[in-house]
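Engineer: Sequence first, then the predicted structure, then my questions.
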Amino acid sequence: MSRVLTRVVSWGHEFLAEVIEPGQLVVDLTAGNGHDTLMLQQLVGPTGQVIAFDIQSVALQNTQQRLAESGVASRRWQAGQAPIPSAAGVDLVAAGHQDLQGFLPTAPQGIIANLGYFPSGDRQIVTQPETTLRALQQSCKLLAPGGRLAVVVYTGHQGGQEEGAAVDGFFSDLNRDDFQTLQLKVTNRPEAPYLQVAEKRC
Ligand SMILES: C[S@@+](CC[C@H](N)C(=O)[O-])C[C@H]1O[C@@H](n2cnc3c(N)ncnc32)[C@H](O)[C@@H]1O
């Protein structure tokens with residue numbers, strides 16, 4: 001079946017799937033309803049490790065439930081419990097992604113972020129430029145060589161344009177000797193979400 005051409009979330013999954021192998025460590029910076037966390041778990045399989053962050057407990061509950069419905073168990077962690085041990089499975093972390101660095105036991109092969117608000121909850125709680133940039137800086141530092149970072153950016157909500165500008169600047173400023181970058185945009189619908197991808201050179 002062909003994919004919806006403009007569904008950039010799916011293209012983000014595809015770009016990550018190209019470089020992720022079973023058994024590796026991967027990260028979801030914004031767990032939300034757990035779609036991305038589950039996708040990552042399916043890529044790394046039962047021998048791999050997924051670490052997913054969210055600041056809303058309802059998001060982590062929804063993610064845990066989505067995983068459970070697919071037969072995947074998960075562990076729960078909080079701020080102050082870093083670092084997370086290296087172990088196969090899914091770790092759901094109740095902490096901001098800006099603290100990513102302290103939690104990871106080893107270099108991740110793939111990192112995903114779907115920015116903006118939690119669709120099933122309070123739409124006033126949105127990702128913020130300052131914390132998003134901190135998470136992206138740490139992501140690029142920590143990423144394994146050959147690994148990819150995929151970020152879906154939404155500009156329709158209040159503050160979304162500012163966050164988009166900050167994220168765009170971050171990707172375009174990445175050193176070309178260290179990273180390849182790519183942006184995927186719906187050119188005839190400028191308000192649509194878009195995708196930023198970076199790959200760390202080997
Ligand atoms: C668009 S939703 C994520 C969708 C999700 N990836 C999925 O597959 O359903 C954005 C999420 O980012 C979370 N969030 C906002 N600020 C955060 C932060 N500083 N650290 C971690 N998560 C954050 C929100 O609580 C919300 O659940």
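Structural biologist: Alright, I've got the coordinates.
Engineer: quick one, strands of the protein?
Structural biologist: For the chain, the strands defined by DSSP state E occupy 25-28, 49-53, 74-78, 89-94, 110-114, 148-153, 179-184, 194-200.
Engineer: Could you list every helix and strand in contact with the third one?
Structural biologist: To tie it back to what came earlier, the one meant is strand 74-78. helix 57-69, strand 89-94 (3 or more Cβ pairs under 8 Å, 6 or more residues apart in numbering; DSSP states H and E). (Glycine included, C-beta is placed from N, CA and C.)
Engineer: Next one: L67 from A88, what distance?
Structural biologist: 14 Å (Cβ to Cβ, to the nearest Å).
Engineer: Of these two, which one has the most company?
Structural biologist: Shown here are L67 and A88; by other Cβ atoms under 10 Å, L67 has more neighbours (22 against 13).
Engineer: Does the more buried one touch H35 like I think?
Structural biologist: No: with contact defined as Cβ atoms under 8 Å, L67 does not count as touching H35 (10.7 Å).
Engineer: for the residue lying closest to L60 once chain neighbours are set aside, which residues make a bridge with it?
Structural biologist: In this structure, L60 finds its nearest non-sequential neighbour in L92, 4.8 Å apart by Cβ to Cβ, 6 or more residues apart in numbering. As for beta bridges, L92 partners with A52, R76 under DSSP bridges.
Engineer: Could you give the number of residues near L92?
Structural biologist: Neighbour number of L92 under other Cβ under 10 Å is 25.
Engineer: Can you tell me how far it is from V186?
Structural biologist: Applying Cβ to Cβ, the value for L92 to V186 is 31 Å.
Engineer: Repeat that for R75.
Structural biologist: From R75 to V186 the distance is 37 Å (Cβ to Cβ).
Engineer: go on, G34?
Structural biologist: 25 Å.
Engineer: Between those two, which is the more surrounded one?
Structural biologist: G34 (28 against 15).
Engineer: mind listing what that one touches?
Structural biologist: Shown here is G34, whose contacts under the criterion Cβ atoms under 8 Å, 6 or more residues apart in numbering are 52, 59, 62-67.
Engineer: And it, how far from the ligand?
Structural biologist: 6 Å (Cβ to the nearest ligand atom, to the nearest Å).
Engineer: For the chain, which residue occupies the most central location?
Structural biologist: I112 (2.2 Å; Cα atoms, centre = their mean).
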